[in-house]
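Undergrad: Predicted model, plus sequence, below.
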Amino acid sequence: MSVFDLFSKRQKRIRGEAPDVYTYDKISEALRVQIVHIWRESLGSVDEISYSSVEGAYKAVVEALRREYGLFTLSSYPGNYLAELVKFFLSEKDTERVIDAIELTFKVIDNVTRDVSYRGDPVASKVADNSIEELNIRFKEHGLGYQYEKGEIIRVDSQLLHANVVKPAIELLHDTDYAGAQQEFLSAYEHYRHGKHKEALNDALKAFESTMKVICDKQKWAYDPRDTSKQLIDICCKKGLIPAFWQQNMSALRGLLEGGVPTGRNKLSSHGQGATPTAIPDCIVAYVLHMTASNIVFLVNAEQNIK
């Protein structure tokens with residue numbers, strides 16, 4: 001991984017010039033160029049375009065973007081897929097489209113380039129890991145509030161919360177049993193990234209409920225598929241997911257589970273909004289998503305500890 005702690009970086013940190021607040025709507029030219037360097041190192045460079053796998057990877061990304069945007073070409077280099085993608089990526093004004101290109105290319109890096117046959121590299125999987133790690137480091141260096149996690153670019157509001165709450169939740173839900181819950185959880189963050197706050201809250205609740213249903217299935221606890229989060233929480237409490245000797249002294253926890261995610265979603269997004277559209281503040285959505293993540297981490301870990 002080619003990340004160096006240069007003298008200029010250290011001096012900026014000393015002077016307090018390093019970004020400490022995330023931004024989301026501007027991706028600098030320097031970051032874009034750094035990402036192109038990562039592509040060349042992991043997906044392949046112009047010199048390696050003779051590899052059918054390398055050309056095929058760039059072709060797949062370019063053709064996917066063309067189709068989704070309703071374009072015949074992304075830039076003035078049709079037929080040279082690497083050049084077409086790079087020119088588009090360096091000049092595109094729409095931040096979300098730039099993120100689209102990052103997400104698609106890193107999905108390919110994550111899922112395709114790990115195979116030794118891709119470029120004949122015996123340490124191909126390590127190169128892929130390093131590329132993803134470097135991307136996330138570059139995001140932080142530039143104060144851009146995004147991270148690549150499990151095939152998705154997700155929005156990050158607090159690095160501390162992301163590292164200690166959101167990322168552990170994604171890792172725990174990576175278990176096959178929780179595939180549906182993970183999809184809903186990632187969908188909530190995807191909606192949040194695009195400013196679709198109501199959809200984000202709805203999917204957060206779905207992920208929360210799906211997690212409890214999976215736990216009930218694993219433990220063979222009876223429940224009605226139509227049960228809401230309140231009924232599912234009651235079942236988990238009655239079955240001792242929260243140890244009995246903690247329940248009296250941890251009423252606050254149950255209050256958080258019952259009144260946190262469900263209440264946030266029910267009051268803000270699930271009912272008719274009347275003649276005036278309901279505006280859900282960004283900070284509320286972030287709070288509910290982080291609460292969802294922390295609840296999921298608690299529930300899954302508690303289930304793993306049941307004897």
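TA: Received it, and whenever you're ready, just let me know what you need. Numbering: from 1, shown residues only.

Undergrad: can you map out the strands along the stretch 151-300 of the chain?
TA: Counting by DSSP state E, counting those that start in this stretch, one finds strands in the stretch 151-300 of the chain at the ranges 152-155.

Undergrad: Give the ranges of residues in it that sit below the confidence cut-off.
TA: 158-160, 244-279 (pLDDT under 70).

Undergrad: Tell me where it has helices.
TA: Under the criterion DSSP state H, counting those that start in this stretch, the stretch 151-300 of the chain contains helices at 159-161, 167-173, 179-193, 197-219, 229-238, 244-247, 251-259, 261-268, 282-304.

Undergrad: Could you dump those into CSV and include distance to K150 and mean neighbour count?
TA: All C-beta spots, glycine's among them, are computed from the backbone N, C-alpha and C. Conversion of the helices of the stretch 151-300 of the chain to CSV gives the following (distance: least, Cβ to Cβ, whole Å; neighbours: other Cβ atoms under 10 Å):
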stretch, distance to K150, mean neighbour count
helix 159-161, 17, 12
helix 167-173, 6, 20
helix 179-193, 7, 21
helix 197-219, 14, 22
helix 229-238, 24, 18
helix 244-247, 31, 10
helix 251-259, 25, 14
helix 261-268, 21, 19
helix 282-304, 13, 20
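
Undergrad: Adding distance to E134, write the ones you listed out as CSV.
TA: Below are the helices of the stretch 151-300 of the chain laid out as CSV (distance: least, Cβ to Cβ, whole Å):
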stretch, distance to E134
helix 159-161, 17
helix 167-173, 17
helix 179-193, 21
helix 197-219, 28
helix 229-238, 39
helix 244-247, 43
helix 251-259, 37
helix 261-268, 34
helix 282-304, 25
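
Undergrad: Would you mind saying which of those helices lies nearest E141?
TA: Judged by Cβ to Cβ, the one of the helices of the stretch 151-300 of the chain that comes nearest to E141 is helix 159-161, at 12.2 Å.

Undergrad: Same question for Y148, what's its three-state structure.
TA: At Y148 the chain is in strand, as set by DSSP: H, G, I helix; E, B strand; the rest coil.

Undergrad: Any idea how many residues pack against it?
TA: Neighbour count of Y148, defined by other Cβ atoms under 10 Å: 20.

Undergrad: beta partners of it?
TA: Here Y148 shows beta-bridge partners I153, assigned using DSSP bridges.
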